[in-house]
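Chemist: sequence and predicted structure are below.
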Amino acid sequence: MTLIKTTYNRRSFLKTGSLAGGGMILGFSWLASCKPTPEQVNNIPKEWFDINSFLKIGDNGMVTIMSPNPEIGQNVKTSMPMIVADELGVDWKNVIVEQAPLNTDIFQRQLAGGSQSIRVGWSGLRMAGATARHMLVAAAAEAWQVDASEITVSAGVISHTASNNSAGFGEMASKAATMPVPEEVKLKESSNFDIIGTDRRNVDGPNIVTGKPLFGIDIQEEGMLIAMIVHPPAFGLTYKSMNANDVKSMPGIKDVFPIDAYKDDTEKQWSDGGAINKLVAIVGESTWQCMQAKKALNVTWEETSALESTKGHDEALTKLLNTSSKKPARKDGDVASAFRKADKVIERTYSAPFLAHNTMEPMNFFADVNGERALLNGPIQTPEFLEKTLASRLGLPVEKIDIKMTRMGGGFGRRLYGTFGVEAAVISQKMQAPIKLVYTREDDMTQGTYRPTYKVKYKAGLDKEGNLLAWHVKGAGSNDDLLFENRFPAGAVDNYLAEKFSLETNVTTGAWRAPRSNFVAGAEQAFIDEVAEAAGKDPIEFRLELFDRAIKNPVGEPEKNDYDPERYAGVLKLVRDKSGWSKGQGNAKRGVSAYYCHNSYVAQVLDLNDDTDAPKVDKVWCAVDCGIVINPMAAKNQIEGGIIDGIGHATYSEMTFENGQPQHKNFDTYRLIRHKEAPKEIETFFVDNGIDPTGLGEPSLPPIIGALANALYKATGQRHYNQPFITEKSVIG
Amino acid sequence: MANFSLKVNGQTKEVDVDPSTPMLWVLRDHLKLVGTKFGCGIAQCGACTVHLGDNAVRSCQLPVSAVGEQSITTIEGLSENGDHPVQKAWLEEDVYQCGYCQAGQIMNASAFLKRNPNPTDTEIEDAMNGNICRCGTYTRIKKAIKNASTISNA
């Protein structure tokens, strides 16, 4: 039996009814969100009772569950309420889900990032459901004058068999709302979960397929104007002057002015990382009119720092990798002497370009700011940080700033950096009117906040028996030093050296789905494949030998090694068995890869088809250990998406620079993976181990790049070292 | 500015806009039909796909002045109750992640299935290749289109 203290969040649970306006409003917004059926209309409760901040119960047993975190397509708006509902004991079909607004008094970590929503939210969400169940049971026990421990709850019905009493949640809701909040509550045994671990379709599905306004860019408000920005065309340039008067007279244009999105004294958060302080704003009646004005506007820019190029970045990274770090990130044994003793030494360098996030919904935000308060609504992964920056920039207390969250048309890390929300607020403040800021695709793709460009050099030494004697890795990236020095194969090899370097550049960078891992996994797993080949060993067996070493006799202090070698080996064995790897059909066009990130383990086998001129991915087998899976149908979707995302970006995508200018501005030249290039089939297998859930949105992306590189080698005889692979001789797709 | 009388989702709508205005922005800004999405503005991503008559077109490249008498159908008008076979198949397969590109995918798929009710995998890939899904739901989209063809033919 798991007992959980409710006290750490007790203040939150006591604070009921503090969400916008009370129950009936929630009911109406649910009605407005899709075309209700007559049955749904009849099902709307006449009265709602706040049980705690996460949920309300209607007099007819319907339950409204708040989804606390931002939804970027990772499906937390379905899976987080599923956790609450399971502990509550309600039938899922009687649940209405509402997106919670930002409220840091009530909810913890309202942030979408690092694949942590479920992992971090797990206990609190269970507690919210279990506390409510406890209060319903307590209410029933008092009403029936029976012992609470004899009462059972199932599918929204509270029962006491001995006294032959039973009641729906709706009948007990008003009394339950008055019950004291328990000091501690019992959580369900995982074997009793009846919603967690079952396939539940996306709660927004009906709204998505009928085109309902769900996204920030869809916001329409009375008197709302459209705003667009013009940002410097190159990194290293800043605003100087413009022909604003020529443009102000264009049809529908209300105003054109430079803005200080951030001032010198603005207290910035980490989420303001890619900020461009000075921009031009165009405000008009319609989007098309603003776009016309944008074309007619002539802005003069001045140089404030070097105008960099891709060639320069590449050379600078190479130079860094040719130096030695005075303070290695990790050092075990002595690699230099081990390499001298080695029978074989292999050294390889891998590289990857800058990448844009390219969410399908371009950056946008709604803002209505006046002297007293600021109302914002839009797609943001970090609403709490946006609120802090706005308080500083607008000079308003945080209580006067309200931020609502819309569904996001993709995030991938881009919407961690809410500079567009600040820009929207500053424009609205200047106009003293509600505005919706919308970026064009070109604004979005050339604004920066890119995945850094990376280079990594690996060196491995093998003895005569093909055992790994030494491993030396040097990693470098733009504004980012790339390596996780305590991850595999650290701990599995006696002589290990990790050195990392960061290249300073004015091209702004940020987290991009599975930061660092999105490059280093593919490089490392491709290198291991080459080392295994040099050792004359099967690539899976070679890895398992290393995990075995890390299990039995880890190098260094075991707690320092940032992975569990048994779980790592577990997914590798699972994918080996599921893909029939060891059945000896030659593995002619298949590659394998395994990686750990975001607290989860993933191993993959990728098969190419028979077209050696332009190979395509036939099938991917994917084994995942992310602990308890909340919603398998949606979890598989995340895994499939990560795999396609990884294959696509490693194969086709890159952002390059000349004179500080991004060389790709739209999807005509910035290539993203398309239907024809996607794998024909992806099969996902989850390890069932009952461990508390860990990350899911990111971990399937990094390793697939290694599996692809290794399969390409098998199919074409050529190793791929530089992304995007399409720039190398062997072409996929 | 000029007046245009448009047939959208079976209704006649009047708008007063610049003749060069793409249908995408007429729909989104003036008719408040925001289901049709802005993705690239240069006909490369397919997020803005609508039906012009029976054909799937990119509304970001369709000036309002070129529409004339032809009827326009958007995602909001594809079916009265969200039960077009393609919409049903999308729900069944739980296709979407972020969902932003899906209106365009559905509009393209529904026009394609009308022309080709029993497509092969390759025909589906060819027909859908102009619609980008950044979340990578391509394998589910393909399954849903296959399922939709079965529903339609049932």
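Modeler: Okay, I see it. Numbers count the residues shown, from 1 in each chain, chains lettered A, B, ... in the order given.

Chemist: where does chain A dip in pLDDT?
Modeler: A:1-42, A:583-587, A:612, A:729-733 (pLDDT under 70).

Chemist: tell me which residue is most central in the chain.
Modeler: Reading this off chain A. A:Gly113 (4.5 Å; CA atoms, centre = their mean).

Chemist: meant chain B, my bad for not saying
Modeler: Centroid-nearest residue in chain B, with CA atoms, centre = their mean: B:Met107, separated by 2.8 Å.

Chemist: go ahead and confirm it touches B:Ala47.
Modeler: No - using CB atoms under 8 Å, B:Met107 is not in contact with B:Ala47, being 9.8 Å away. In this view, the C-beta of every residue, glycine as well, is placed from N, C-alpha and C.

Chemist: on the three-state scheme, the residue nearest to the centre of chain A is what?
Modeler: Using DSSP: H, G, I helix; E, B strand; the rest coil, the structure places A:Gly113 in coil.

Chemist: so who does the closest residue to chain A within chain B touch?
Modeler: Residue nearest to chain A within chain B (CB to the nearest CB): B:Gly35, separated by 2.0 Å. For B:Gly35, the contact set (CB atoms under 8 Å, 6 or more residues apart in numbering or on different chains) comprises A:Thr210, A:Gly211, A:Lys212, A:Pro213, B:Thr74, B:Ile75, B:Glu76, B:Ala103.

Chemist: ok, now which ones touch A:Pro232?
Modeler: A:Pro232 neighbours (CB under 8 Å, 6+ apart): A:Thr238, A:Tyr239, A:Ile276, A:Trp301.

Chemist: before we move on, what about A:Val95?
Modeler: A:Met62, A:Val63, A:Thr64, A:Ile65, A:Pro81, A:Ala85.

Chemist: by neighbour count, which of these wins?
Modeler: A:Pro81 (30 neighbours; other CB atoms under 10 Å in any protein chain shown).

Chemist: now for the host helix or strand of it, which elements pack on it?
Modeler: Secondary structure from DSSP states H and E places A:Pro81 in helix A:76-88. Packing contacts for helix A:76-88, counted by 3 or more CB pairs under 8 Å, 6 or more residues apart in numbering or on different chains; DSSP states H and E, involve strand A:63-67, strand A:95-99, helix A:117-144.

Chemist: using a markdown table, please lay out those together with distance to A:Ile380.
Modeler: Putting these into a markdown table (distance: least, CB to CB, whole Å) gives the following:
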| stretch | distance to A:Ile380 |
| --- | --- |
| strand A:63-67 | 15 |
| strand A:95-99 | 12 |
| helix A:117-144 | 14 |
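
Chemist: and the contacts of A:Val95, which two are the farthest apart?
Modeler: Greatest spacing in the contacts of A:Val95, by CB to CB: A:Met62 and A:Pro81 (13.2 Å).

Chemist: B:Ser5: how many residues sit nearby?
Modeler: Number of residues near B:Ser5 (other CB under 10 Å) recorded here: 11.

Chemist: show me what contacts it?
Modeler: B:Thr12, B:Lys13, B:Glu14.

Chemist: give me the nearest residue to A:Gly61, chain neighbours excluded.
Modeler: Using CB to CB, 6 or more residues apart in numbering or on different chains and skipping the chain neighbours, the partner closest in space to A:Gly61 is A:Gly170 (3.7 Å).
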